[in-house]
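**Student:** Got a predicted structure here, sequence first:
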Amino acid sequence: MSYFDAASAAPLHPVARQALQASLDEGWADPARLYREGRRARILLDAAREAAADAVGCRPDELVFTSSGTRAVHSGIEGALAGRRRAGRHLIVSAVEHSSVLHSAEVFEAGGGTVTRVPVSRAGAVAPEAYTEALRPDTALACLQSANHEVGTVQPVAEVAEVCRAAGVPLLVDAAQSLGWGQVEGDWSVLTASSHKWGGPSGVGLLVVRKGVRFAPQGPVDERESGRAAGFENIPAVVAAAASLRAVRAEAAGEAARLRQLTERIRARVPELVPDVEVVGDPVGRLPGIVTFSCLYVDGETLLHELDRAGFSVSSGSSCTSSTLTPSHVLKAMGVLTEGNVRVSLPPGTPAEEVDRFLSVLPGAVGAVRDKLGAPSPRTDARKDALVVDALGKRCPLPVIELAKVIGAVPVGGTVRVLSDDEAARLDIPAWCEMRGQEYMGEEPAERGSAYLVRRLS
């Protein structure tokens with residue numbers, strides 16, 4: 001079985017396993033106590049904090065350990081907004097942030113704050129100028145991920161940090177996906193990360209608040225972790241997280257070059273092997289091990305099952321999965337095809353042979369799913385007048401499949417009107433038109449759902 005979902009959780013690094021087992025015997029006591037066992041626990045905790053701070057590039061007293069990366073994000077945003085309450089009640093986030101950031105923004109908005117969501121390019125990147133335009137006199141905080149978790153696109157954090165610093169606004173960076181590969185450049189103010197993303201144990205997050213940043217921890221006061229993370233520290237897990245972060249950093253340069261070669265192979269070969277595929281994300285400015293593509297006429301959940309049966313564990317941002325009824329907010333913000341989406345994220349140490357095997361298996365898996373769904377043949381020469389396609393009640397990718405079946409049956413210049421009540425159609429029909437060289441004419445209200453108008457150009 002090949003595990004290709006490291007962006008969700010990386011396999012436990014051997015160093016993390018060793019550190020975890022070794023510290024179980026020494027790190028069980030209360031590090032706040034002065035007796036022998038407490039002092040031993042404190043030594044382990046302090047050493048882990050120093051190692052993690054060195055990896056981040058901050059002072060040890062600026063870093064605290066939290067119960068998860070999500071908890072670090074929530075605490076970081078809440079504390080920074082509360083500390084800057086006098087400055088205003090305006091928050092800036094990018095449209096492709098991790099859900100933990102967007103959920104915090106929603107809570108802030110529901111409490112009377114205002115939120116600006118900065119758009120991204122089709123490659124998934126923000127423009128620093130967009131943050132300049134979003135800044136207001138009452139802006140309390142801006143947020144930007146270091147790299148995207150679904151498509152791997154690296155964000156211009158240093159440039160945005162410079163823009164925010166000039167305006168006197170702190171920048172919070174979610175570095176969960178990138179911290180294992182290197183430090184986050186730029187003059188950021190708050191940083192969060194999660195151990196399980198780099199091969200450490202789950203249940204350990206990092207929250208860094210630079211000296212001089214106004215920060216007011218929310219919730220009941222706790223004497224642990226500078227009052228910023230309540231609860232008894234899980235010292236064995238913290239030690240393992242810090243040890244594994246140091247270990248993966250030592251291996252990062254060589255492994256990054258190797259994984260980038262493998263993902264370049266996937267990016268190049270998938271469109272050659274599988275017709276009607278869109279590879280998404282920045283082709284250059286991206287993390288080494290992530291490559292994402294979307295397949296027309298494919299049910300995402302069925303494709304994941306096919307690949308699982310073939311021995312590959314991958315993930316999907318497609319709306320066609322049982323875990324979500326709406327398309328990925330990342331793919332939606334990028335304006336790319338959402339159906340049949342596959343994210344391949346290679347963990348360090350992935351053999352090149354397994355990538356080759358994946359490429360040999362993928363065409364058959366996609367073809368099998370398309371056959372089950374009755375996907376159209378590439379072209380048809382039939383001619384008819386303008387058509388109406390009733391896809392009401394049909395879910396992704398069926399509205400696009402029905403459109404593709406009939407587009408060749410209208411004359412060049414003719415139109416097809418697709419009726420659909422599936423939210424994904426709003427994204428997938430325009431994306432299909434761009435991929436197939438047809439004209440998307442827009443959306444109109446219908447008695448049920450919406451009508452999507454397409455003109456045949458070729």
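**Tutor:** Sure thing, it's come through. Numbers count the residues shown, from 1 in each chain.
**Student:** Buried ones in stretch 81-92, by neighbour count?
**Tutor:** Using 16 or more other Cβ atoms under 10 Å as the test for burial, stretch 81-92 gives 81, 83-84, 87-92. Bear in mind the C-beta positions are built from the backbone N, C-alpha and C, glycine included.
**Student:** Stretch 428-442 now?
**Tutor:** Going by neighbour count (16+ other Cβ under 10 Å), the buried part of stretch 428-442 is 428-433, 436, 438.
**Student:** and that stretch, how far apart are its ends?
**Tutor:** Taking Cα to Cα, to the nearest Å, stretch 428-442 runs 12 Å from one end to the other.
**Student:** again, but for stretch 109-122
**Tutor:** With Cα to Cα, one end of stretch 109-122 sits 27 Å from the other.
**Student:** For that stretch, the averaged confidence score.
**Tutor:** The average of the pLDDT scores along stretch 109-122 is 97.
**Student:** centre of the chain versus it, how much separation?
**Tutor:** From the chain centre to the centre of stretch 109-122 is a distance of 17 Å (Cα atoms, centre = their mean, to the nearest Å).
**Student:** Just the helices from the stretch 101-250 of the chain, written as ranges.
**Tutor:** 128-134, 157-166, 235-273 (DSSP state H, counting those that start in this stretch).
**Student:** can those go into TSV with extra columns for mean pLDDT, distance to Ala446 and mean neighbour count?
**Tutor:** What follows is the helices of the stretch 101-250 of the chain, written out as TSV (pLDDT from 0 to 100; distance: least, Cβ to Cβ, whole Å; neighbours: other Cβ atoms under 10 Å):
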stretch	mean pLDDT	distance to Ala446	mean neighbour count
helix 128-134	97	34	18
helix 157-166	98	41	20
helix 235-273	96	34	19
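**Student:** The ones you listed: which one's closest to Val209?
**Tutor:** When these are compared by Cβ to Cβ, helix 157-166 sits nearest Val209, at 14.8 Å.
**Student:** how about the nearest residue to Gly437 once chain neighbours are set aside, what does it touch?
**Tutor:** Of all residues not flanking Gly437 in the chain, Ser458 sits nearest, at 5.4 Å (Cβ to Cβ, 6 or more residues apart in numbering). Taking Cβ atoms under 8 Å, 6 or more residues apart in numbering as the criterion, Ser458 is in contact with 412, 437-438.
**Student:** picking up where we left off before, and of the buried residues of stretch 428-442, the nearest to Ile290?
**Tutor:** Ala431 (20.2 Å).
**Student:** Confirm that that closest one sits in a strand.
**Tutor:** No. Counting by DSSP: H, G, I helix; E, B strand; the rest coil, Ala431 falls outside a strand, being helix.
**Student:** Looks like it contacts Gly335 (just checking).
**Tutor:** Yes. Between Ala431 and Gly335 there is a contact under Cβ atoms under 8 Å: 7.2 Å.
**Student:** Give me the domain ranges for this structure.
**Tutor:** 8-248, 251-373, 387-455 (automatic domain parsing).
**Student:** For the stretch 1-150 of the chain, which segments count as strands?
**Tutor:** Counting by DSSP state E, counting those that start in this stretch, the stretch 1-150 of the chain has strands at residues 2-3, 63-66, 90-94, 114-118, 139-145.
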